[in-house]
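In: Below: sequence and its predicted model.
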Amino acid sequence: MNTAATLLDPEEGGDATAERYRRLMREVDRLAQSLERGDEDVPTIQRLADALTKSFGRQTGLSGGRLYLREGDDFLLWSTFGDAQEVRRGTRVPESYLPLRRVLDEGWVYIRSDDPSIDRELEGRLGVDEFAAIELGGGEYLLAFDLVEPHDTDQVIFTLGLLRRTIDQQIRTAEMTTVLREARRIQNSIVPHSVPRFGDFEIVGRIEPMEAVGGDFYDCIPLTDKIVGLALADVSGHGLPAALQVRDIYMGLRMGTARDFKIVRTVERLNEIIHHSRGTGRFVAMFYGELEIDGTLIFVNAGHPPPFHLRADGSIRLLEKGGTVLGPFPGATYTRGYLTMEPGDLLVAYTDGLTESSDGEPGSGEEFGLDRLVERVRDLRRLPAQEILERVFDEVREHTQGRPQTDDRTLALVKRAAPKS
């Protein structure tokens, strides 16, 4: 049964009743927000239930109660709150107990003192005559409230639904916060925060995610003292699901390079990993190259916006050689491309979230664009790589006039030092 559908609608019962319920909703939400959120659900549930009975007990008819935690097929009494009778922690109530079964099936239950389903000996030990209960956290917790006279049955039922919604929302928020915190930790650990010196090359990069975590990725992988792997990828979608797919890319690349696979084999193996990963239905655009200390770059472009090689004389070449995006097609094959980075040359890789950044609403404004990116880097090419990167991001933000991002933005640069004059 859908609890929300069975609880009293605050619009029913006249304007005065509706306003009373709306006021109670605001006050309970305010109370929940005022309580400091703990790292664990149990203390938070207890604090909110205790504060509710103390603040609104007379108004709602809820005088106190008990918090139960699921343990196998039983519910274990964890604590009492409010004016409830003190009961030894650890008292067990089997899931087969009919009132408990009803609250698990329906989300809430209201039990009168003459209800034939109650176990009077059990309820007597708990000091209970008439009670109401709600399940929380997908059946992991149960809150039972003692009722005192006089009380309004409709208001009790409404309050149960309101409290259940409020606490479950806090539990879901806490769970998502924990997941996002862990995802941020993982992403921060896999994105290079500094790059070791590699010959006469400067290698820099930055990701600006649209949300707390994102689906853009870049990496710099030392393969030998004379070869470094360079990767830039963009997972379809945003946020947590895309961030989890990024982890698969990181692990797949590291596995491939650790086993000394050839570059094409590394990309083809990664395609198989992504195709069979939990992120089925997602695809990944990726550029991967291996740069040798003499300036030779071997690369594969798997459906990624083509990076450009800006030569010291200002001319450019787009790096398109490779194949399709990773993920949708098992058994996809790829080809490799080559170039040589001479002194003074730049390699610029980016995700489409950067070039598609718009000065207006999506689909209606002018995008920053590849042409503008090429021109700005060409104008700035004599500056250090880190400064070029900073200036480009500043100009993208200026172009968008402070509008919220609609995609993750990533830029990576490799610059070979110009010959000394």
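Out: Ah, there it is. Residues are numbered from 1 along each chain as shown.

In: contacts, neighbours, all on C-alpha from now
Out: OK.

In: Surely residue 69 and residue 144 touch.
Out: No. Residue 69 lies out of contact with residue 144 (C-alpha atoms under 8 Å); the separation is 11.5 Å.

In: So which of these two has more stuff around it?
Out: For residue 69 versus residue 144, neighbours defined as other C-alpha atoms under 10 Å are more numerous around residue 144 (25 against 20).

In: Would you mind listing the residues in contact with the more buried one?
Out: Contact analysis of residue 144 by C-alpha atoms under 8 Å, 6 or more residues apart in numbering lists 65, 66, 67, 131, 132, 133, 134.

In: Please list all residues in contact with the last one.
Out: By C-alpha under 8 Å, 6+ apart, the residues touching residue 134 are 103, 107, 108, 109, 142, 143, 144, 160, 161, 164.

In: Which strand residues bridge it?
Out: residue 108, residue 143 (DSSP bridges).

In: Residue 47 versus that one, what's the distance?
Out: With distances taken as C-alpha to C-alpha, to the nearest Å, residue 134 is found 16 Å from residue 47.

In: Using the three-state scheme, assign residue 105.
Out: Following DSSP: H, G, I helix; E, B strand; the rest coil, we place residue 105 in the helix state.

In: give me the number of residues near it?
Out: When neighbours are defined as other C-alpha under 10 Å, residue 105 has 15 of them.

In: swap in residue 139?
Out: Neighbours of residue 139 using other C-alpha under 10 Å come to 15.

In: go on, residue 264?
Out: 18.

In: again, but for residue 337
Out: Residues near residue 337, counting by other C-alpha under 10 Å, number 14.

In: Not counting its neighbours along the chain, what's nearest residue 235?
Out: Of all residues not flanking residue 235 in the chain, residue 284 sits nearest, at 4.5 Å (C-alpha to C-alpha, 6 or more residues apart in numbering).

In: Also residue 103?
Out: Closest residue in space to residue 103, ignoring its immediate chain neighbours: residue 109 at 5.1 Å, by C-alpha to C-alpha, 6+ apart.

In: What's the separation between the residue nearest to residue 235 and residue 228?
Out: Residue 284 sits at a distance of 22 Å from residue 228 (criterion: C-alpha to C-alpha).

In: Likewise for residue 309?
Out: Separation of residue 309 from residue 228 (C-alpha to C-alpha): 17 Å.

In: And these two? Which one has more around it.
Out: residue 309 (23 against 17).

In: Helix or strand for that one, just tell me which one.
Out: According to DSSP states H and E, residue 309 maps onto strand 308-310.

In: So for that strand, mean pLDDT?
Out: Averaging pLDDT along strand 308-310 gives 98.

In: Can you list the strands that it pairs with?
Out: Sheet pairing for strand 308-310, assigned by DSSP bridges, gives strand 316-318 (antiparallel), strand 346-350 (antiparallel).

In: Format these as CSV; extra columns: mean neighbour count.
Out: Shown next, in CSV, are those (neighbours: other C-alpha atoms under 10 Å):
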stretch, mean neighbour count
strand 316-318, 14
strand 346-350, 24
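
In: So which of these is nearest residue 205?
Out: Smallest distance to residue 205 across these (C-alpha to C-alpha): 9.1 Å, for strand 346-350.
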